[in-house]
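Trainee: here are the coordinates; sequence isn't available:
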């Protein structure tokens, strides 16, 4: 794994003066980097001091949990009244120190956030969140949020990750007693005889919450970690990936074979997607979602590569058009298996079969409702089982 989810971040606080502007949601201070020793010393001194908190904030621990990339992570959620920053732009920096109780050196993280200018009511609240991957063990977490005027609020909590034997086998990404920044990278799929299948993946880019006009960092992380887990946990040799927005009725990303560079481009595409502006001609076409899906699937079926499977990944949507079987040009024997990893995170916010589900089932495919990592793991295992059976039946 390797690429960070990007958020809009700007700030320069005195405590971390000289640190480069961030490009990651969570940035980890490298203790070997120049000037890091003095920065860490200032952070430690600030946490040890009895300075009075002058910012109003409420911090909640996010207990360790398994994410869709099968990594364990802990973190925080902070809420604060934005009125305390006036009506001007506000710049915030969050610093947190994670100290293993087993004696290893602490890890230091930081994040920057911007509060847009505007008239603010006394009841309006701001929210920030962050976290870290962690290995098995007990930790102390010291947290602090500061603004550009050196006002701050602080919090401390203890957290613990205890894993069963089966979970420990899946937790090799982070060693016991270690904390790492939450970043997402993908190094590509290695070739070999143990990866015999060729697949095409279609990501449906849509927010989990229906009124959003952009994919939040949470939306993007869910989709991207489901994709990387699919690639890591299955014996796929060749992978083409497309991303479609049924709301915009458009294919917004496509690559013949996913590699680390195109994976980064996919993440950037997710971050730029604006669902608040839709082409009127497309919006006024009632069959648009069916047409964009059929064109995309037909182009995959017509490629020179013989596909073993076509996999859809994404949340259930408001689009419920029936998908006629005759919209697909290549059917019958030799057609790939169809799967739909339906991200049902909030349990059927749209409680009906959407157009992608209708397409999948119309081809005799399998739909998996995914609400947690264990369901994703079971779905992946079932997909591999079905692919092996289909390969055996045709041999």
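Mentor: Perfect, I can see it now. For clarity, every value in this text was computed on a predicted model and none was experimentally measured.

Trainee: so where do the strands sit in the stretch 101-250 of the chain?
Mentor: 107-115, 125-134, 137-147, 152-161, 179-181, 197-204, 236-245, 250-255 (DSSP state E, counting those that start in this stretch).

Trainee: could I get those as JSON lines with mean neighbour count?
Mentor: For every residue, glycine as well, the C-beta is placed using N, CA and C. Output for the strands of the stretch 101-250 of the chain, formatted as JSON lines (neighbours: other Cβ atoms under 10 Å):
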{"stretch": "strand 107-115", "mean neighbour count": "21"}
{"stretch": "strand 125-134", "mean neighbour count": "20"}
{"stretch": "strand 137-147", "mean neighbour count": "21"}
{"stretch": "strand 152-161", "mean neighbour count": "17"}
{"stretch": "strand 179-181", "mean neighbour count": "22"}
{"stretch": "strand 197-204", "mean neighbour count": "23"}
{"stretch": "strand 236-245", "mean neighbour count": "21"}
{"stretch": "strand 250-255", "mean neighbour count": "17"}
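
Trainee: of all these, which one is nearest residue 339?
Mentor: Each of the strands of the stretch 101-250 of the chain has some distance to residue 339 by Cβ to Cβ; the shortest is strand 197-204, at 8.9 Å.

Trainee: and stretch 189-208, average pLDDT?
Mentor: The pLDDT scores in stretch 189-208 average 85.

Trainee: ok, back up a step: which one, of the strands of the stretch 101-250 of the chain, ends up nearest to residue 337?
Mentor: Shortest distance between residue 337 and these, using Cβ to Cβ, is found for strand 197-204: 9.0 Å.

Trainee: run the chain-centre distance for stretch 377-384.
Mentor: Distance of stretch 377-384 from its chain centroid, counting by Cα atoms, centre = their mean, to the nearest Å, is 20 Å.

Trainee: got the contact list for that stretch?
Mentor: Here stretch 377-384 makes contact (Cβ atoms under 8 Å, 6 or more residues apart in numbering) with 70, 229-230, 233-235, 309, 311, 337, 339, 341, 366, 368, 370.

Trainee: which parts of it are buried?
Mentor: Using 16 or more other Cβ atoms under 10 Å as the test for burial, stretch 377-384 gives 377, 379, 380, 383, 384.

Trainee: would you list the strands of the stretch 101-250 of the chain in a markdown table and tack on distance to residue 49?
Mentor: Shown next, in a markdown table, are those (distance: least, Cβ to Cβ, whole Å):
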| stretch | distance to residue 49 |
| --- | --- |
| strand 107-115 | 17 |
| strand 125-134 | 23 |
| strand 137-147 | 11 |
| strand 152-161 | 10 |
| strand 179-181 | 23 |
| strand 197-204 | 47 |
| strand 236-245 | 48 |
| strand 250-255 | 48 |
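
Trainee: indicate which one of the ones you listed is closest to residue 289.
Mentor: strand 236-245 (9.1 Å).

Trainee: list the helices and strands that closest one packs on?
Mentor: Using 3 or more Cβ pairs under 8 Å, 6 or more residues apart in numbering; DSSP states H and E, the elements in contact with strand 236-245 are strand 197-204, helix 217-233, strand 250-255, helix 260-272, helix 288-301.

Trainee: ok and it relative to strand 250-255, angle-wise?
Mentor: Interaxial angle, strand 236-245 versus strand 250-255 (axes from the mean of the first three to the mean of the last three Cα atoms, to 10 degrees): 160 degrees.

Trainee: what lines up beside strand 236-245 in the sheet?
Mentor: As defined by DSSP bridges, the strand partners of strand 236-245 come to strand 197-204 (parallel), strand 250-255 (antiparallel).

Trainee: next one: the longest one to chain centre, how far?
Mentor: Same thing as strand 197-204. That offset, for strand 197-204, works out to 18 Å (Cα atoms, centre = their mean).

Trainee: re earlier: the strands of the stretch 101-250 of the chain: which one's closest to residue 213?
Mentor: Among those, if distance is taken as Cβ to Cβ, the winner is strand 236-245, at 11.6 Å.

Trainee: next, the angle from that closest one to helix 217-233.
Mentor: Relative orientation of strand 236-245 versus helix 217-233 (the same axes, to 10 degrees): 160 degrees.

Trainee: contacts for strand 236-245, please.
Mentor: With Cβ under 8 Å, 6+ apart, strand 236-245 has contacts from 189, 191-192, 195-206, 227, 230-231, 250-258, 262, 266, 269-270, 273, 275, 292-293, 296, 300, 303, 305.

Trainee: can we see that at 6 Å?
Mentor: 189, 191, 195, 197-205, 251-258, 296 (Cβ atoms under 6 Å, 6 or more residues apart in numbering).
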